[in-house]
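Participant: Okay, sequence plus prediction incoming.
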2 protein chains.
Amino acid sequence: MGWMTDERGLDKCAANFVPLTPLSHLRRAAQVFPTQTAVIYANHHATYAQYHDRCTRLASALVKLGVAPGDVVATLIPNLPAQAEAHFGVPACGAVLNTINIRLDVGTVSYILDHGGAVVLLVDSEFIALAEAACAAMDGPPPAIVEVPDTDAGHPPTGRHPLYEDLLSEGDPAFDWILPSDEWESLALNYTSGTTGRPKGVVYHHRGAYLMTMGTVVSWQMVLRPVFMQIVPLFHCNGWNHTWMMPLLGGTLVCCRDITAAAIYDAIADHDVTHFGGAPIVLNMLVNAAQEDRRAFDHTVEVFTAGAPPAPATLSKIEKLGFNVTQVYGLTETFGHVTECLWQSDWDALSENERAAIKARQGIAMPMMEEITVTDAEMSQTPRDGKAQGEIMIRGNAVMKGYLKNPEATAEAFAGGYFHSGDIAVQHPDGYIQISDRAKDIIISGGENISSVEVEGVLMGHDAVNLAAVVAQPHDKWGEVPCAFVEIKPGSEATEEALIAFTRESLAGFKTPKRVIFGELPKTSTGKIQKFELRKRAAAL
Amino acid sequence: MGWMTDERGLDKCAANFVPLTPLSHLRRAAQVFPTQTAVIYANHHATYAQYHDRCTRLASALVKLGVAPGDVVATLIPNLPAQAEAHFGVPACGAVLNTINIRLDVGTVSYILDHGGAVVLLVDSEFIALAEAACAAMDGPPPAIVEVPDTDAGHPPTGRHPLYEDLLSEGDPAFDWILPSDEWESLALNYTSGTTGRPKGVVYHHRGAYLMTMGTVVSWQMVLRPVFMQIVPLFHCNGWNHTWMMPLLGGTLVCCRDITAAAIYDAIADHDVTHFGGAPIVLNMLVNAAQEDRRAFDHTVEVFTAGAPPAPATLSKIEKLGFNVTQVYGLTETFGHVTECLWQSDWDALSENERAAIKARQGIAMPMMEEITVTDAEMSQTPRDGKAQGEIMIRGNAVMKGYLKNPEATAEAFAGGYFHSGDIAVQHPDGYIQISDRAKDIIISGGENISSVEVEGVLMGHDAVNLAAVVAQPHDKWGEVPCAFVEIKPGSEATEEALIAFTRESLAGFKTPKRVIFGELPKTSTGKIQKFELRKRAAAL
């Protein structure tokens, strides 16, 4: 409460207060790093002057299409230059960026378009059919589709929609960016896979994304001009905000359509990639790569991994290959990572197993966060003994504004002044957090969150199904896959194959159960299904 | 203007909005880096746990002394641990830190104590007499003096005041820090060295200091655990905010009572100092150090220099000794540095002279700043041609709240939405700014503008010259002519005629000094040459 007795004339003004926004980074980079390579994808090499020019044209073109400040502009694009450009060009016209997961089913995409109210949808040609079907299934007015072809990669224009490059050509390179006049304005809209069926729309503020970039520089020990490969999909927490961070550092963003071991090794060897983030499945991919897919390199690649703790065996192998792995943890609601397993120098002396055990911890609050801890049901701090379980509670500037059009869910998530993560953890004496039990309803498969409730809902829609429960089954490649336990209605019958095919009609492939087990479900005395019991059975399959 | 149509429930709350303050860094460091060395001075070695404990006790003790949120707590202390602790302990009780220049005269200290209204004054024993005299000369009630002795350095307690360590002993280590509830609250009060009239009280906000620390990490390419030597006095822009930055990085702060070449070389060799900031006079000190004061080291020390462009001859010598020098620029009103002469990789290929010429530029906006440019008298952008002169205009989050109890001066400084620096500069085609002079340091001879900085640069290239300053001398015919004041290196010699002839080799005749006066130059506590004093001397010649 440092207000002095006399504060006359000491108010904020245009000279001393500028709303925080990641847009400032690209504006500065265009001045400071104009000839530095900003974006690389196949034959596309853009300098910061060119990147800024393209984003400016995009912003201008969106305005010409009728996009007004506060409108939503959605994308269905892999991690390609147009998707990166949307991260600056969309907010630069005052609009809110809604990156949609390209692996979702028609129904969910349609729901998101209706709920978010996108007025324009930028779509990679590979996903035009999905976009068209989703638009057709909408209740409200569909967005205008703009197509982003990738002909060299086998995805030529369909001829049915205006093209992205034509849009840029018509854009005004001298367009004045519409910067936020309040850093609390909405920057992005990201849908969770949620635990209660329908996804929730998480709204990001400009302030949080700016502070994510500043804090990540410290945690990832980045100096100027890193070469960063965008492996985490930009529709997952905006790729943890790293695309917004690159211009701050004059860094190079390496894009990639399909994430394969060969593509990653090539990028490291050909473009000197220094940093990337990815789920443990990406680490497994690198460790298990065929010999012909591997490339030699002589620098250490810094890796942030999230979604699940990296397995000790994987860690041991990948670090010998020249990768330094740090686990980070966060949620869609926290702009991505908010804890880091910050390495303490005296741990260097530990055995490989001990080091791997530490690296399996989610760690401590990153610099832009104020407090991340574990509390009991009464929101009191649990003992820091590595044993007492509680829920991870999060407070800081990289926490969402809330859920769009869902004040009740927002209020619940923020009860008591903390964001309730829903993740169960223990806290070690040094304050490092370790998740002991993922939020019980979520299955993480290849880095994608799957709501078990959503899959159960679909199964329950089958005529023969009386009760269904879906849990995670450990899987060598994907980490986890959905496994269904089903009670059949008396007198009905169904096969495993039939039920899987049934779910595939309305769910993305990665969400469909890989096994269906029939029989009575274990329940508590009050009739609740005992999922922990089912997880044990699934693990033993 | 990214407000969505429906923003119900998306307001700020305790979970997603925490006021930015550098205090957060030390709170986090106490958790994350508890055993890391935080502060070193002679036999004083404090870990982050201990540093946090001492700052907490200080905050608690100040409250017991009657300090309330918004009150001013002043210091008269060299760069010692107590001064660093005051940077956290004073704001941690909600008070505003007023670091006073230990080299000021009694009248000015007295004026500052009256104007700022300090209720407590922490004083190093060396400056107790100054503090007592200043208090005696005050119009208003004097602050309570707390004495900080440094017996080992020859400054034992006077016995006339309560002692700092006793205060800490009585402090409560469990005291709850009073964090700002608004990041615009006042953090620090720094008086300018106003060459005309009374000094002005520059008020800093918590937000600006926080963002200074985040932006400086990027510009100085700092990774975790740097070892930073505090050479810039903490009473000058709070030492450019670096003491607030160290806990963000788990870095070590090396303190020093007297800045000498031997002390700096010792700190580099004994504590592996990686970074320091200092005026060019510090660089000269290192370059001209006696052989017995030098120490060998095998890493590169990163140096930020400010206050004047480093002379090419100094640069050439110091870089061969293992120091990499980057010029930064700023003012008390901008929390310290806000531009940096960011090095572009294609400049590596330039000749030594060309590189030195570039390093003499003040550069471009640092990452936390929004816009720093050069404008004419109508506040229109000047041509970026390296020739057109204008005033440096500054806009961004590291700009003061304003001048305490001086709304008129504040309004004038912020006219048109920019902070008016008062510095005259040209802007190069790449946007880099180069100061040609303080407005008042320009010499106008026969209608021609002469940059005193340019003439000084030439003089500094002479082998015998240690330091040079050029000012206007009144002249009947030309209005003004350049007059040089020169310090000769020990053991060297030069005549007035020889130096004038030397400048004539590279300068137009009207720019050459008409007189050269030999002798020690008058300097401020921060090593800046007191040109107003030299102008007086020149006028009396």
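Facilitator: That came through, no problem. It should be emphasised that the depicted structure is a prediction, and the values quoted were computed from it without experimental measurement.
Participant: Next one: the nearest residue to A:P226 once chain neighbours are set aside from B:P233, what distance?
Facilitator: Using CB to CB, 6 or more residues apart in numbering or on different chains and skipping the chain neighbours, the partner closest in space to A:P226 is A:G251 (4.4 Å). Any C-beta I mention is one placed from the backbone N, CA and C, and that applies to glycine too. From A:G251 over to B:P233 the distance is 35 Å, taken as CB to CB, to the nearest Å.
Participant: what's the answer for A:E408, then?
Facilitator: Separation of A:E408 from B:P233 (CB to CB): 55 Å.
Participant: Name the residue in those two with the higher neighbour count.
Facilitator: B:P233 (21 against 9; other CB atoms under 10 Å in any protein chain shown).
Participant: how about that one, secondary structure?
Facilitator: coil (DSSP: H, G, I helix; E, B strand; the rest coil).
Participant: Please name the residues that touch A:Y164.
Facilitator: The contact partners of A:Y164, by CB atoms under 8 Å, 6 or more residues apart in numbering or on different chains, come to A:82, A:122, A:146-149.
Participant: Scan these and report the most crowded one.
Facilitator: Neighbour-wise, those (other CB under 10 Å) top out at A:L122, 30 neighbours.
Participant: That residue - nearest residue in space that isn't next to it in sequence?
Facilitator: Leaving aside its sequence neighbours, A:L122 sits nearest to A:T75 (CB to CB, 6+ apart; 4.5 Å).
Participant: Show the pLDDT at A:R295.
Facilitator: Looking at A:R295, its pLDDT reads 97.
Participant: In three-state terms, how would it be classified?
Facilitator: Assigned with three-state DSSP, A:R295 falls in the coil class.
Participant: tell me which element the closest residue to it other than its chain neighbours falls in.
Facilitator: Using CB to CB, 6+ apart and skipping the chain neighbours, the partner closest in space to A:R295 is A:A269 (3.7 Å). Element membership of A:A269 [criterion: DSSP states H and E] is helix A:261-271.
Participant: Which SSE is immediately downstream of that helix?
Facilitator: Once helix A:261-271 ends, the next helix or strand along the chain (criterion: DSSP H and E) is strand A:275-278.
Participant: any idea how far B:I128 is from the residue nearest to A:H337 when sequence neighbours are not counted?
Facilitator: Counting by CB to CB, 6+ apart, the nearest residue to A:H337 once its immediate chain neighbours are dropped is A:V328, at 3.6 Å. Separation of A:V328 from B:I128 (CB to CB) stands at 51 Å.
Participant: what about the two, which has more around it?
Facilitator: When neighbours are counted by other CB under 10 Å, A:V328 and B:I128 differ, and A:V328 comes out ahead with 23 against 20.
Participant: burial measure for A:A129, as a count.
Facilitator: 12.
Participant: For the helix or strand hosting it, give me every contacting residue.
Facilitator: Taking DSSP H and E as the definition, one finds A:A129 inside helix A:128-136. By CB under 8 Å, 6+ apart, the surrounding residues in contact with helix A:128-136 are A:76, A:102, A:104, A:106, A:109-110, A:113, A:121, A:123, A:142-143, A:145, A:147, A:158, A:160-161.
Participant: what's the answer for stretch A:292-300, then?
Facilitator: For stretch A:292-300, using CB under 8 Å, 6+ apart, the contacting residues are A:260-262, A:265-266, A:268-270, A:272, A:274, A:322-324.
Participant: What about the residues you listed, which one has the most neighbours?
Facilitator: Ranked by neighbour count (other CB under 10 Å), those have A:I268 at the top, with 24 neighbours.
Participant: Surely that one is in contact with A:E302?
Facilitator: No - with contacts defined as CB atoms under 8 Å, A:I268 does not count as touching A:E302, sitting 11.5 Å away.
Participant: Next one: the residue of the stretch 401-541 of chain A at minimum distance from chain B, what pLDDT does it get?
Facilitator: As assessed by CB to the nearest CB, chain B sits closest to A:P407 within the stretch 401-541 of chain A, at 2.9 Å. In this model, A:P407 is scored at 97, pLDDT.
Participant: how about the nearest residue to it once chain neighbours are set aside, phi and psi?
Facilitator: Distances taken as CB to CB, 6+ apart put B:G9 closest to A:P407, at 2.9 Å, once the chain neighbours are dropped. Main-chain dihedrals, B:G9, degrees, to the nearest 10: phi 80, psi 10.
Participant: Is there proximity between stretch A:171-190 and chain B?
Facilitator: Yes - judged by CB under 8 Å from any CB of the partner chain, stretch A:171-190 and chain B are in contact via A:178, A:180-181, A:184-187.
Participant: Quote the end-to-end distance of that stretch.
Facilitator: Using CA to CA, to the nearest Å, the span of stretch A:171-190 from its first residue to its last is 27 Å.
Participant: What is the distance between it and the centre of its chain?
Facilitator: Computed by CA atoms, centre = their mean, to the nearest Å, the chain-centroid distance of stretch A:171-190 equals 21 Å.
Participant: got a list of what A:G239 touches?
Facilitator: Applying CB under 8 Å, 6+ apart to A:G239 gives the contacts A:79, A:230, A:232-233, A:277, A:336.
Participant: Just among these, which is most surrounded?
Facilitator: Top of the contacts of A:G239 by neighbour count (other CB under 10 Å): A:V232, with 28 neighbours.
Participant: returning to that earlier point: which SSE is the residue nearest to A:L122 in?
Facilitator: In this structure, A:T75 sits in strand A:72-76 according to DSSP H and E.
Participant: what's that strand in contact with?
Facilitator: Under CB under 8 Å, 6+ apart, the answer for strand A:72-76 is A:62, A:67, A:82-83, A:86, A:90, A:95-100, A:102, A:109, A:112-113, A:116-124, A:127, A:130-131, A:143, A:189, A:235, B:4.
Participant: Please repeat the previous calculation with a cut-off of 7 Å.
Facilitator: Here strand A:72-76 makes contact (CB atoms under 7 Å, 6 or more residues apart in numbering or on different chains) with A:62, A:67, A:83, A:86, A:90, A:95-100, A:102, A:113, A:116-124, A:127, A:130-131, A:143, A:189.
Participant: swap in stretch A:40-47?
Facilitator: With CB under 7 Å, 6+ apart as the test, stretch A:40-47 has contacts from A:34-39, A:54, A:80-81, A:152, A:252, A:254-255, A:271.
Participant: Filter those residues down to just the ones in helices.
Facilitator: Counting by DSSP state H, the part of these found in helices is A:54, A:81, A:271.
Participant: Against chain B, how distant is the last one?
Facilitator: A:H271 sits 16 Å away from chain B when distances are taken as CB to the nearest CB, to the nearest Å.
Participant: just the first one next, same as before
Facilitator: When CB to the nearest CB is applied, the distance between A:R54 and chain B equals 21 Å.
Participant: these two touch, right, that residue and A:A86?
Facilitator: No - using CB atoms under 7 Å, A:R54 is not in contact with A:A86, being 10.5 Å away.
Participant: Distance from the helix holding A:A269 to the middle of the chain?
Facilitator: 22 Å.
Participant: ditto for stretch A:492-504
Facilitator: 31 Å.
Participant: same check, this time on stretch A:184-203
Facilitator: Taking CA atoms, centre = their mean, one finds the center of stretch A:184-203 at 11 Å from the center of the full chain.
Participant: Can you mark which positions in it are buried?
Facilitator: Judged by neighbour count (16 or more other CB atoms under 10 Å in any protein chain shown), stretch A:184-203 contains these buried residues: A:184-195, A:198-203.
Participant: Is it correct that A:T339 falls within a strand?
Facilitator: Yes - per three-state DSSP, A:T339 lies within a strand segment.
Participant: what's the neighbour count on it?
Facilitator: Number of residues near A:T339 (other CB under 10 Å) recorded here: 26.
Participant: same deal with A:E496?
Facilitator: Neighbour count of A:E496, defined by other CB under 10 Å: 15.
Participant: Now do the contacts for A:E371.
Facilitator: Counting by CB under 7 Å, 6+ apart, A:E371 touches A:365, A:395-396.
Participant: and these as JSON lines, adding secondary structure, neighbour count and pLDDT?
Facilitator: Shown next, in JSON lines, are these (DSSP: H, G, I helix; E, B strand; the rest coil; neighbours: other CB atoms under 10 Å in any protein chain shown; pLDDT from 0 to 100):
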{"residue": "A:A365", "secondary structure": "strand", "neighbour count": "26", "pLDDT": "98"}
{"residue": "A:R395", "secondary structure": "strand", "neighbour count": "23", "pLDDT": "98"}
{"residue": "A:G396", "secondary structure": "strand", "neighbour count": "26", "pLDDT": "98"}
